[in-house]
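In: Show me how the following folds:
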Amino acid sequence: MESIVREICGGPKDPGGKNDLDELSLVLRRRMGEKMFEVGCVMHLLKLLGGRKECAVAVAVLQSVHKQGLEMNIRMAAATINVCRSASAWTQALQLLADMVEIGVDLSTIACSAAVSACENSREWGP
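Out: Numbers count the residues shown, from 1 in each chain. All right, here's what the predicted structure looks like:
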C-alpha cells in the first residue's frame, strides 16, 4: 500500500481537477484492482496519506472512490477530514463537511471534531 501512496503522491501537486482525478482513479484501479472497492483498503490508504499530511490527495482519493461507485460513509469522510487536520488544511476540512451534508451523509462527532481541530491547528479560530 505504501508504494501506491508514493505513486499517487509523486504526481501533480494539485489533484482534484478532472484529469488528475481520472489519473488517480486509473492508478488506484491498476494497483488495487477490485480491492479499491473495499472500505478497509480505502481506510488504510487514507491513514497512510494522513501520515504524509496529503490532504489534497486524500480528498481526491475519496472523490475517486465515490466516482467509481463506492458509497461514501462517515468513516471515510472523517478519515479524510482527519488527514486535512494533520495537514492544518482547515478550508478543505470544512468544505468536506459541507459536501457530506450536501450528499446526505450524517455527520459524526468525530468528523466535526476533526474539522474543528483543523481550524485550531491552522490558528484560524476567529478574530
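In: Quick one: classify Glu71 as helix, strand or coil.
Out: With DSSP: H, G, I helix; E, B strand; the rest coil as the basis, Glu71 sits in coil.
In: Who are the contact partners of it?
Out: Glu71 makes no contacts at all, as judged by C-beta atoms under 8 Å, 6 or more residues apart in numbering. To be clear about C-beta, it is placed using only N, CA and C from the backbone, and glycine gets the same treatment.
In: Now do it against Ala89, distance only.
Out: Relative to Ala89, Glu71 is positioned 24 Å away (C-beta to C-beta, to the nearest Å).
In: Check Cys119 too.
Out: 10 Å.
In: Now do the helices in the chain.
Out: Assigned by DSSP state H, the helices in the chain fall at 2-9, 18-32, 39-51, 55-67, 74-86, 90-103, 109-121.
In: who has more neighbours, Cys119 and Ala89?
Out: The residue with more neighbours, out of Cys119 and Ala89, is Ala89; 23 against 17, by other C-beta atoms under 10 Å.
In: any idea how far the residue lying closest to the more buried one once chain neighbours are set aside lies from Ala118?
Out: Counting by C-beta to C-beta, 6 or more residues apart in numbering, Cys55 is the residue found nearest to Ala89 once chain neighbours are left out, at 4.0 Å. Going from Cys55 to Ala118 by C-beta to C-beta gives 9 Å.
In: Done for today, thanks.
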